[in-house]
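> Model the structure of this input:
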Amino acid sequence: MKAAEVLDKLKVRFPNEPEYHQAVAEVLATIEDVYNEHPEFDKVNLIERLCIPDRIYSFRVTWMDDNGNYHTNMGYRIQHNNAIGPYKGGIRFHASVNQSILKFLAFEQTFKNSLTTLPMGGGKGGSDFSPRGKSNAEIMRFCQAFVEELQRHIGPNTDVPAGDIGVGGREVGYMFGKYKKMTREHTGTYTGKGLEFGGSLVRPEATGFGNVYFLLEMLKTRGIDIKGKTVCVSGSGNVAQYTVKKLIELGAKVVTMSDSNGYIYDPDGIDADKLAYIMELKNLYRGRIKEYAEEYGVKYVEGARPWGEKCDIALPSATQNELNGDDARKLLANGCIAVSEGANMPSTPEAIEQFLEAKILYAPGKAANAGGVSVSGLEMAQNASMISWTAEEVDAKLHQIMENIHAQCVKYGTLEDGTVNYVKGANIAGFMKVAKAMMAQGVV
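Numbering: from 1, shown residues only. Model (predicted):
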C-alpha cells in the first residue's frame, strides 16, 4: 500500500471533502510501514475498506419555529466501521455540518474507540441546524423531527449516538424521549442521558477530565509536574469547562478561554469562582465569553484565537482546524512544552508537523479526548446491566482507560531516540485492533 496513491483515489471518488481527506491522510502516513508488513491486509484491499464508511444516511428534517414558520435542514448519520462493536459516536448540531466533516469525525471515531479497549465501532451524525438563538420549544421540535428518521437506523446493539458540539444533555433528552416513544423500548441507545433515566455519573466531565489525565501521563515521561504551569485553553463549552475545572484542582494556572467570537486572557488565572461564572454564563444564559472580560476587567480579543499568549501547555478544546502553522510557531516561540487535543482534529497538518519536529509532547485528539466516548461505553455497560456506578468508580475507570491509551501510544510510537510520536502510536494501535477484527470476520 502506498498512502499517496490510496489518498489520490479517495480524492477522485469523493471530491470536495477536505476534512475527510485530511483525516485519512494523517492516518495513512503513519500506518503505511506497519500495513505493508502484513501482505494479508493488502490481499483483501483492507485499507480501502477501512477508509470508506459502511453506509451513509442523509435525510431532510423539517420543523416549525415558534412563529409557525417551517424550516428545512439536512440530517446525517455516518456508520463507518463496526468490526469491534456497535457503531458509536456523537451527534453534532452546527451550521458548518456537512458530509465531509461527519466522515472525518466517523473515521477518527473508529480509531479512538478502538484505543479505549471497549467494544465500540465508529460512527458520527448531525445536522446543519444550529441551536444557538433558538428557544427550548424550537430545539425540542427539531430534535423530535430529526429522530423520526434517525430512529430506524440506531439501536443499543446497532448504533449508539451521543452528544457533540451543539448537542448536550438537553438535546440528548429530547432525542431519547422521541426515540423511546417511537420504538416502545427503554434501552441504552443514547449515551449522555440524564442521570434520572440511565445516564452515567462523570459523563459530562469525561472528555475534559480524560484529556488532562492523558496530559499527566505525557508529562510523567519527562518528569514534569503540572502544578504551577500556565495553560492556554480554547473553547468554553463542555470540554473546555471540565478541562479547566480539573486543571484548577491540580494547581495549574489557566489564562485563556474562547468562543467563536474571540478569546479572553486573564493573567491572574481563572479560579474556581470565575469558572463557575463561565459555566453559568454558557450553560444557563447562552452568553458570550466577552461578558467575562467585562465582568472581571481582563483582555478580550475579538475574532482571534488564544495561541499567541505565552503558556507552558496548550489544550485546544473548541473545534477542528482551530490551530494552524502560524499558531504552532507562536506557541513554540513562547516556550510551550505540551499540546494535548480536547477537540477533534483541532491542529492543521502544518501545525502537527511543527510540534513533531520540535519534539514537544503532542497528543492527537483520537488519544487525548477519548475519555468522553470511554465513559459513554461505561454508560452502555451500566444500562445493559441495569446498575449504576458511583462517581468515584467511574472516574477511576476513566483514569485507568486513559493510562492504558497512553501505554498503547508509547508501545507503538516510541522512536529510536527514546521520544514518543503520539500521532504514530495512536494511529497504529487503533488501526491494528480494527484491522485484525476485520480480517477475522472475512470480507464482508
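
> Test my guess that Asp54 contacts Arg77.
No: the pair Asp54 / Arg77 is not scored as a contact, 11.0 Å apart, by CB atoms under 8 Å. In this view, the C-beta of every residue, glycine as well, is placed from N, C-alpha and C.

> Neighbour count: these two, which is higher?
Arg77 (26 against 17; other CB atoms under 10 Å).

> Quick check: His80 is in a strand.
Yes: counting by DSSP: H, G, I helix; E, B strand; the rest coil, His80 falls inside a strand.

> what ranges do the helices span in the stretch 101-250 of the chain?
Using DSSP state H, counting those that start in this stretch, the helices found in the stretch 101-250 of the chain span residues 136-150, 169-183, 206-220, 238-249.

> among the ones you listed, which is nearest Trp389?
Among these, helix 206-220 comes nearest to Trp389, with 12.9 Å by CB to CB.

> Quick check: phi and psi on the spatially most central residue of the chain?
With distances taken as CA atoms, centre = their mean, the residue of the chain nearest its centroid is Asn344 (4.4 Å). With angles defined as degrees, to the nearest 10, Asn344 sits at phi -90, psi 120.

> Tell me which residues touch the closest residue to it other than its chain neighbours, please.
Distances taken as CB to CB, 6 or more residues apart in numbering put Gly365 closest to Asn344, at 4.9 Å, once the chain neighbours are dropped. Counting by CB atoms under 8 Å, 6 or more residues apart in numbering, Gly365 touches Glu108, Lys112, Glu341, Gly342, Ala343, Asn344, Met345, Pro346.

> Check Phe209 too.
Applying CB under 8 Å, 6+ apart, the residues contacting Phe209 are Val202, Tyr242, Thr243, Lys245, Lys246, Gly371, Asp395, Leu398.

> How about Asp65?
Applying CB under 8 Å, 6+ apart to Asp65 gives the contacts His71, Lys134, Glu138.

> Pull out the buried members of these.
Lys134, Glu138 (16 or more other CB atoms under 10 Å).

> Let me know the closest of the contacts of Asp65 to Lys282.
Taking CB to CB as the measure, Lys282 lies nearest Lys134 of the contacts of Asp65, at 15.7 Å.

> what does the domain assignment say about this protein?
3-186, 206-363 (automatic domain parsing).

> pLDDT on the lengthiest helix in the chain, on average?
For the chain, the helix that runs over the most residues, judged by DSSP state H, is helix 391-413. Per-residue pLDDT over helix 391-413 has a mean of 98.

> Please tell me how far that helix is from the chain's geometric centre.
Here the centre of mass of C-alpha atoms in helix 391-413, compared against the chain's by CA atoms, centre = their mean, to the nearest Å, lies 16 Å away.

> Stretch 174-185 too?
25 Å.

> Not counting that stretch itself, show me its contacts.
Residues from elsewhere that reach stretch 174-185, judged by CB under 8 Å, 6+ apart: 91, 139-140, 143-144, 146-148, 150-151, 154-155, 161, 186, 189-190, 193, 197.

> Can you tell me which of these are classed as buried?
Buried among the contacts of stretch 174-185 (16+ other CB under 10 Å): 91, 139-140, 143-144, 146-148, 150-151, 154-155, 161, 189-190, 193.

> farthest-separated two in these?
Among the buried ones among the contacts of stretch 174-185, Ile139 and Gly155 lie farthest apart (CB to CB), at 24.0 Å.

> any idea what sits nearest Trp307, other than its immediate chain neighbours?
Closest to Trp307 by CB to CB, 6+ apart is Asp327, at 3.8 Å.

> Regarding the one you found, what is its secondary structure?
Asp327 - assigned by three-state DSSP - is helix.

> Make sure it is actually in contact with Gln354.
No: the pair Asp327 and Gln354 fails to qualify as a contact (CB under 8 Å) at a distance of 9.1 Å.

> And the strands in this structure, which stretches?
For the chain, applying DSSP state E gives strands covering 55-64, 70-81, 87-93, 122-127, 159-162, 230-233, 253-259, 262-265, 299-302, 313-315, 338-340, 361-363.

> So what are the sheet partners of the last one and their directions?
Going back to what we said before, that points to strand 361-363. Here strand 361-363 has these sheet partners by DSSP bridges: strand 338-340 (parallel).

> Distance from the strand it pairs with to the middle of the chain?
Worked out by CA atoms, centre = their mean, strand 338-340 lies 15 Å from the chain centre.

> List of residues touching it?
Residues external to strand 338-340 that are found in contact with it (CB under 8 Å, 6+ apart): 211-212, 214-215, 218-219, 224, 312-316, 323, 331, 347, 355, 360-363, 368.

> cutoff 6 Å now
Asn211, Leu215, Ile313, Ala314, Leu315, Phe355, Leu361, Tyr362, Ala363, Ala368 (CB atoms under 6 Å, 6 or more residues apart in numbering).

> Just the CA atoms of stretch 281-292, as CSV, please.
Coordinates of the C-alpha atoms in stretch 281-292 are reproduced here as CSV (Å, rounded to 0.1, in the frame of the first residue of the first chain):
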residue,chain,number,x,y,z
LEU,A,281,-22.9,32.2,31.5
LYS,A,282,-22.6,29.5,28.9
ASN,A,283,-24.8,26.7,30.2
LEU,A,284,-27.8,28.8,31.5
TYR,A,285,-27.7,32.1,29.7
ARG,A,286,-26.0,31.0,26.4
GLY,A,287,-23.9,34.2,26.7
ARG,A,288,-20.6,35.1,25.0
ILE,A,289,-17.2,34.9,26.6
LYS,A,290,-16.7,38.6,26.1
GLU,A,291,-19.0,39.1,29.1
TYR,A,292,-16.3,37.5,31.3
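
> average pLDDT for stretch 13-33?
On average, stretch 13-33 scores 96.

> Just give the number of residues close to Met64.
Counted with other CB under 10 Å, residues neighbouring Met64 total 14.

> From what I see, it and Thr72 are in contact.
No: if you go by CB atoms under 6 Å, Met64 and Thr72 don't touch, sitting 10.9 Å apart.

> Against Trp307, how distant is the residue nearest to Glu353 when sequence neighbours are not counted?
Closest residue to Glu353 apart from its sequence neighbours, by CB to CB, 6+ apart: Gly325 at 7.7 Å. Distance of Gly325 to Trp307, computed by CB to CB, to the nearest Å: 11 Å.

> When the two are compared, which one has more neighbours?
More neighbours surround Trp307 than the other of Gly325 and Trp307, with 26 against 15 (other CB under 10 Å).

> Got the confidence number for the more buried one?
98.

> how close does it sit to Tyr265?
Separation of Trp307 from Tyr265 (CB to CB): 11 Å.

> next one: Pro161
Distance of Pro161 to Tyr265, given as CB to CB: 36 Å.

> burial of the residue nearest to Val420 when sequence neighbours are not counted, as a residue count?
Spatial nearest neighbour of Val420, excluding adjacent residues (CB to CB, 6+ apart): Gly413 at 4.9 Å. Look at Gly413: counted by other CB under 10 Å, it has 20 neighbours.
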